[in-house]
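Asks: sequence? don't have it. structure:
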């Protein structure tokens, strides 16, 4: 095949889990992707239609996307730092933003631009395309967050929410913290009715279905790495216990018919 | 206007709250409805396009639908019993079935047929029509439950689930008990994020929106009058506390990066 007259810009993608694969699907047509994942064989990466490479090769690209669990983030940043070119743009795509932004700010050389992102969707929601799905974009270092936002909006059709890591984690603690906690409890209560259901129960179970197969790392990042998640859980439990007490008291006080 | 050549069969509807009104909307074109509600002025009933009447007149119809809160049910059954004609079919439409079925079986004369029903939807879900919505139908006395089911299916397009009061309440304790409890806690946590949301969170909040304006009687019936609801709540809280403990322990045991 003749090579493309204008070579596509190169992006290094580090991490080829569920979310890394989703990133690859949508960026492969627009960029020359180099993918590295120490836990995925090169043959499996190649089978997905993208080019496997070493960590050093991925880090040498002008744009590097980190799609690794938050728990491995500090080690990954330390490992790639020496191999980045000056002016490289580094992005992450994790479910929390305060700690990864801190890690990237502290661990990446000052001549590296950093933009933290959180696509507010997973492979499930993205099944019928990205158009209209939301992504949070946080400038961390340098002035390329707007440029990134414009690309995500124009090329991928995403709805871009420009925010800060703190504001993001505060909202995500409620949005994702509550959804995943409720989902986890409901899954543990299964089997739940499937026939005699209401529309509102069906909606709740549809929400459960969208997050139940998320990797355990996603749940742990959302509930443990988000600095506001424990407080949201505490409020949820306090209020739930209060509702339960109110129902119990009335029940005891009431006269049985 | 000329009167209809064949008079429409008469139905007495007792209770003109949110659900009574919904029943009236869908049965008015097919029956001659007589509506009684001690707490709604006759003028308001007439303004809704149906004929107000006394409790005695409503009870004298060949079919009587009780759309009153479960808490007032025993008194209502006692009040109508002397005015029912032999062979009358009495139906209810409440969110729980064990206690109302007991009350109707015990309080209505033996020559009265009784069918307990629970439309698994409210005015919100029924906004765009009844077709495909679910209704639970429980035979309590007599053999007219199938006839009722056939009518609901053919004339109103409902999906009919033939069941028993016990099986109904067991499933509804999970379906409605959990949905309403979760909704009540989430409403108490408001304001919750509306902009930076995921699809699964949006679905949960859509479910909350469908039940948040339900009358307090509905919530109390679901959580207090359902004999299985307290047990479902207990399991939910136990599992939630367990999840929370697990997250807390890991957090304490983990080394901060």
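Replies: That came through, no problem. What you see is a predicted model, and the numbers here were worked out from it, not measured in a lab. Numbering: from 1, shown residues only, chains lettered A, B, ... in the order given.

Asks: Helices along chain A, start to end?
Replies: When assigned using DSSP state H, the helices of chain A occupy the ranges A:18-27, A:42-47, A:55-59, A:73-80, A:98-107, A:145-156, A:165-188, A:199-211, A:216-220, A:229-253.

Asks: where does the stretch 1-150 of chain A dip in pLDDT?
Replies: Across the stretch 1-150 of chain A, the stretches falling below the confidence threshold (pLDDT under 70) are A:1-5.

Asks: If we use 90, what do you get?
Replies: A:1-8, A:70-71, A:122-125 (pLDDT under 90).

Asks: where does it come near chain B, residue by residue?
Replies: Along the stretch 1-150 of chain A, the residues adjacent to chain B under the rule C-beta under 8 Å from any C-beta of the partner chain are A:73-74, A:99, A:103, A:120-121, A:125, A:133-134, A:136. C-betas here are computed from N, CA, C, even on glycine.

Asks: Reformat those residues into TSV and put neighbour count next to each item.
Replies: Formatted as TSV, the residues of the stretch 1-150 of chain A next to chain B follow (neighbours: other C-beta atoms under 10 Å in any protein chain shown):
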residue	neighbour count
A:73	23
A:74	17
A:99	20
A:103	20
A:120	26
A:121	21
A:125	19
A:133	20
A:134	19
A:136	23
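
Asks: any residues touching stretch A:138-153, and which ones?
Replies: With contacts defined as C-beta atoms under 8 Å, 6 or more residues apart in numbering or on different chains, stretch A:138-153 is touched by A:89, A:91, A:97, A:101, A:104-105, A:108, A:110, A:112-117, A:135, A:137, A:158-160, A:162-165, A:168.

Asks: likewise stretch A:103-114?
Replies: Contacts of stretch A:103-114 with the rest of the structure, by C-beta under 8 Å, 6+ apart, involve A:73-74, A:77-78, A:81, A:84, A:86-92, A:101, A:116, A:140-144, B:257.

Asks: Burial check on residue A:236, number of neighbours?
Replies: If you count neighbours by other C-beta atoms under 10 Å in any protein chain shown, residue A:236 ends up with 22.

Asks: Over to the one 5 residues further on?
Replies: Residue crowding around residue A:241 was assessed by other C-beta under 10 Å; the count is 14.

Asks: pLDDT wise, what is the closest residue to it other than its chain neighbours at?
Replies: Excluding its sequence neighbours, the residue lying closest to residue A:241 (C-beta to C-beta, 6 or more residues apart in numbering or on different chains) is residue B:237, at 7.1 Å. Confidence per residue is given as pLDDT, and for residue B:237 that number is 87.

Asks: So residue B:237 versus residue A:239, what's the distance?
Replies: Relative to residue A:239, residue B:237 is positioned 12 Å away (C-beta to C-beta, to the nearest Å).

Asks: Distance-wise, check residue A:14 relative to residue A:72.
Replies: Distance, residue A:14 to residue A:72, using C-beta to C-beta: 10 Å.

Asks: Those two: which is more packed in?
Replies: residue A:14 (25 against 16).

Asks: Now do the contacts for the more buried one.
Replies: When contacts are taken as C-beta under 8 Å, 6+ apart, residue A:14 is in contact with A:20, A:35-37, A:55, A:58-59, A:64-68, A:76, A:80.

Asks: buried stuff in stretch A:166-174?
Replies: Under the neighbour-count criterion of 16 or more other C-beta atoms under 10 Å in any protein chain shown, stretch A:166-174 has A:167-174 buried.

Asks: so, in contact with chain B or not, that stretch?
Replies: Yes. Judged by C-beta under 8 Å from any C-beta, stretch A:166-174 comes into contact with chain B through A:168, A:171-172, A:174.

Asks: Return the member of the residues you listed nearest to chain B.
Replies: When these are compared for distance to chain B (C-beta to the nearest C-beta), residue A:171 comes out closest, at 4.1 Å.

Asks: sorry, back to before: so which of the residues of the stretch 1-150 of chain A next to chain B is the closest to residue B:188?
Replies: Sorting these by how near they are to residue B:188, with C-beta to C-beta, puts residue A:120 at the top with 24.3 Å.
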